[in-house]
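In: please work out how this folds:
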Amino acid sequence: MEIAIQRGRALREIFKQDRLEPLPIEFQMAWLVAFNDRRFDAIEPEDIPGRLKTLESRVSASGFTLDSPREQWGLGCGRLACRRSHGMTRRRTLKQRRDSFGEIRNIMNSMKTLAYLEICK
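Out: Next comes the predicted model:
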């Protein structure tokens with residue numbers, strides 16, 4: 001249970017961003033891959049912002065795209081900013097993850113529309 005709480009705290013730190021300043025999608029993919037590979041598990045929450053800044057600058061210089069193979073992202077993240085603490089990896093392709101993002105985005109847009117319609121009643 002403590003591990004789940006620690007991962008939740010790390011995720012909360014990762015989600016923090018400046019208002020009206022969206023982060024590049026390649027950077028979002030990089031931290032998502034790193035988080036799913038449990039590379040933030042051994043990092044204290046207060047150290048995460050510094051690691052994310054390093055990760056963002058190195059991802060922008062790496063030339064990774066959403067079409068880059070999953071293995072490239074996973075290996076790249078290890079070199080970019082994060083230390084691997086577990087050998088567990090998921091074998092989902094980047095396209096599957098991108099499709100999942102699309103589904104989540106559609107669900108959130110639907111929820112926003114429903115909330116707007118409720119307000120307008």
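
In: only C-alpha atoms for contact and neighbour calcs from this point on.
Out: Noted.

In: which residue sits closest to residue 64 in space, ignoring its chain neighbours?
Out: Excluding the flanking residues, the one nearest residue 64 by Cα to Cα, 6 or more residues apart in numbering is residue 26, at 7.0 Å.

In: remind me what the host helix or strand of residue 50 packs against, helices and strands.
Out: Assigning secondary structure by DSSP states H and E places residue 50 in helix 48-62. Other helices and strands packing on helix 48-62, by 3 or more Cα pairs under 8 Å, 6 or more residues apart in numbering; DSSP states H and E, are helix 2-15, helix 25-36, helix 70-80.

In: in it, what's buried?
Out: Within helix 48-62, the residues scored as buried using 16 or more other Cα atoms under 10 Å are 48, 51-52, 55-56, 58-59.

In: the bottom helix or strand of this structure by mean pLDDT?
Out: helix 70-80 (a mean of 63; mean pLDDT, DSSP states H and E).

In: can you pull the contacts of the residue nearest to residue 64?
Out: Residues near residue 26 by Cα atoms under 8 Å, 6 or more residues apart in numbering: 59-60, 64-66.

In: what residue ranges in the chain are flagged as low confidence?
Out: Applying pLDDT under 70 to the chain flags residues 74-100, 121.

In: how about 50 then?
Out: Low-confidence segments of the chain, defined by pLDDT under 50: 80-91.

In: give me the most central residue, it.
Out: Taking Cα atoms, centre = their mean as the criterion, residue 32 is the residue nearest the geometric centre of the chain, at 2.5 Å.

In: any idea how far residue 20 is from it?
Out: From residue 32 over to residue 20 the distance is 20 Å, taken as Cα to Cα, to the nearest Å.
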